[in-house]
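[1] No sequence on hand, only this structure:
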């Protein structure tokens, strides 16, 4: 469960950084400030978009896994009020 939560945190960091990356690179296409960088624009945007989608997937799965684990109650620690066999 701890690894899933850590994965969700890293997925959130990936979402943050690659959203900023896509946002700043999008502005570069419209300006002639970086004329030499225009050749790699499509490839960099495609890779950034793919990593952003994978970051979103890691974030969602990283949150969904511990929720599912808690709902299964594998340790049965919350069910202490039941009668035990003698």
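    Thanks, I have it. None of these values were measured; they are calculated from a predicted model. Residues are numbered from 1 along each chain as shown.

[2] and residue 58, how many residues sit next to it?
    By other CB atoms under 10 Å, the residues close to residue 58 number 20. Any C-beta I mention is one placed from the backbone N, CA and C, and that applies to glycine too.

[3] which ones are touching it?
    By CB atoms under 8 Å, 6 or more residues apart in numbering, the contact set of residue 58 is 7, 8, 10, 11, 14.

[4] Recalculate using a threshold of 10 Å.
    By CB atoms under 10 Å, 6 or more residues apart in numbering, residue 58 lies in contact with 4, 7, 8, 9, 10, 11, 12, 13, 14, 15.

[5] Likewise for residue 71?
    Neighbours of residue 71 in contact, by CB under 10 Å, 6+ apart: none.

[6] Specify the local secondary structure of it.
    Recorded secondary structure, residue 71: helix (DSSP: H, G, I helix; E, B strand; the rest coil).

[7] ok, it to residue 64 distance?
    11 Å (CB to CB, to the nearest Å).
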